[in-house]
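Student: Sequence plus predicted model, see below.
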Amino acid sequence: MTTAPAPGGPAAPHPPSECAHLRSHITDSQFYGHRYSTQASHRIFCDRCRYQRWLDVEAALALSQGELGIIPAAAARMIAEAADVNRLDLPAIRAEIRRTSHSLVAFLRVFQASCEGGSGEYVHYGATTQDIQDTAQVLEIRDVLDELEALLRSLAGRLADLAEANGSTVALGRTHAQPALPMGFGVKIAGWLDETLRHLERIEQLRPRVLAAQLFGGVGTMAGFGENALPLLDAFAARLGLTAPAVGWHVSRDRIVEFVSCAAMVAGTMGRIGDEVRTLSRPEFGELEIGWRHGQVGSSTMPHKRNPEACEQAVVMARLAAAQMANALACMAGDHERDSRTLRIEWACVPDVSHYALSACEIVGHLVGGLAVRPERIRTNVSAVAEQIATEKLMLALGRHIGKQTAHEYVYELVQAARENGSSMREVTGRDGLAGAPLDAAALDEIFDPASHLGQSAALTARAVARARAVLGQPGELPNGTGGEADGGDAR
């Protein structure tokens, strides 16, 4: 008997039968899931897609075995024809999983029953459960990498345009959240761009290592496949577009950990970009302006708010993705030749890190696409601390006459005294003897001009942009002296 709740109290929980159609993971929420996942990530990891991949792997195995005479070729063709998730009795699989307590046998029995002419007897011939599930998971990972690569390439193009447009904009460089030195604003964006390009390199480099087939049988000896075992592995891997590894990797989970690590790093970069944009768009800074559309609401109590929701959500995704690294690393310690304690963790952390990384990239892509740089506020912020950020140049100018270390101590005392007294550094240096160094008023004016101490800002920005154009296959020439890395390296 259910007791009715007191007036004004919490509602009574729904009976389990009424909640069967509801979703409980945040990525699956019909209301909030779009903030934690993408359409692509759901397409890759939905239950039906997972079963279709298992069917694809079983079909590839059967067809490869049929070609080598391990099973009848006719049976192989019928198995491949039946490998359609729409032909499976999914409720029967669900019931059979609960009855057998096995993740694949229930699926195989229903699939076998759907194969015509007795061909189902040859389904899964010589393979073990993990062969199918690992290979299918690798196919999932390949799809995620394809999506990540596309999002990163799109983001790199936008960042290249933004960096190029602001290569010589005199901006305030900050370290430890304090004014440091003048810099070209493009250098900041070039840093985001170069990090993004390195992720493209990582994805390209890890593909042959991570995207490997698994087909080694119960304990990794391939005994169930007979004399054609090794040719079968090559044919099976080639049919699926995967690498044929030297030996089985049932308990060697470094491939999966490498993928999770890469995805988490990608999300981490997105979080860094989002957080920097969040900071620089604060009214106190005002150097960036985030895109906004009428209808967005920042607060339920303060109608004026335009909160940096996208920036904050990118950081959330980065932190959630990073948390999956501990789970992935826990999978490195499997016992003997196989151990499900690791696999079932992967079934959770691989989809989760993929949802979060893809979401982070999508969020930041939209964020950067609507981002506006505000040069007038950048100039105002530079002007407010122009004297402070001239100290390096002043020190180096003095150092040519009195030595760098002596000049550091000299300028240190000078600037601290000026700040404590509320004096102008430019005026103080004009009156000070500067230890006899021959620096006249014109030289001091040049030293205290932030635009005179940008170093190689424009050239460094151009290097990063040129490298991005080369990686993305866009027109543009590499500037002289770009160095070996600027030719695009291994990224494609």
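Tutor: That came through fine. Residues are numbered from 1 along each chain as shown.

Student: hey, let's count contacts and neighbours off CA atoms from now on
Tutor: Will do.

Student: In three-state terms, label residue 337 for me.
Tutor: Following DSSP: H, G, I helix; E, B strand; the rest coil, residue 337 is assigned to coil.

Student: excluding its backbone neighbours, what's nearest it?
Tutor: The spatially closest residue to residue 337, leaving aside those adjacent along the chain, is residue 219, at 5.5 Å (Cα to Cα, 6 or more residues apart in numbering).

Student: separation between the one you found and residue 342?
Tutor: Going from residue 219 to residue 342 by Cα to Cα, to the nearest Å gives 16 Å.

Student: more neighbours, the two?
Tutor: residue 342 (21 against 13; other Cα atoms under 10 Å).

Student: which ones are touching that one?
Tutor: Residue 342 is in contact with 330-334, counting by Cα atoms under 8 Å, 6 or more residues apart in numbering.

Student: Then residue 139?
Tutor: Here residue 139 is in contact with 53, 211 (Cα under 8 Å, 6+ apart).

Student: Which of the three states applies to it?
Tutor: Following three-state DSSP, we place residue 139 in the helix state.

Student: So it versus residue 240, what's the distance?
Tutor: Here residue 139 is placed at a distance of 8 Å from residue 240 (Cα to Cα).

Student: secondary structure element for the residue nearest the centre of the chain?
Tutor: The residue lying closest to the centre of the chain (Cα atoms, centre = their mean) is residue 266, at 2.3 Å. Using DSSP states H and E, residue 266 maps to helix 254-280.

Student: can you pull the buried residues of that helix?
Tutor: For helix 254-280, a neighbour-count test (16 or more other Cα atoms under 10 Å) marks 254-275, 277-280 as buried.

Student: what do you get for stretch 82-94?
Tutor: Buried residues in stretch 82-94, counting neighbours by 16+ other Cα under 10 Å, are found at 82-85, 88, 90, 93.

Student: Next: stretch 403-420.
Tutor: Of the residues in stretch 403-420, 407-408, 410-411, 414-415, 418 count as buried by neighbour count, 16+ other Cα under 10 Å.

Student: that older thread, are any of the contacts of residue 342 buried, and if so which?
Tutor: Listed as buried from the contacts of residue 342 are 330-332, 334; burial here means 16+ other Cα under 10 Å.

Student: want to throw these into a markdown table with pLDDT, distance to residue 169 and secondary structure?
Tutor: Shown next, in a markdown table, are the buried ones among the contacts of residue 342 (pLDDT from 0 to 100; distance: Cα to Cα, whole Å; DSSP: H, G, I helix; E, B strand; the rest coil):
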| residue | pLDDT | distance to residue 169 | secondary structure |
| --- | --- | --- | --- |
| 330 | 93 | 47 | helix |
| 331 | 91 | 48 | coil |
| 332 | 91 | 48 | coil |
| 334 | 85 | 54 | coil |
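
Student: Need these in CSV (columns: distance to residue 452).
Tutor: Formatted as CSV, the buried ones among the contacts of residue 342 follow (distance: Cα to Cα, whole Å):
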residue, distance to residue 452
330, 52
331, 54
332, 53
334, 59
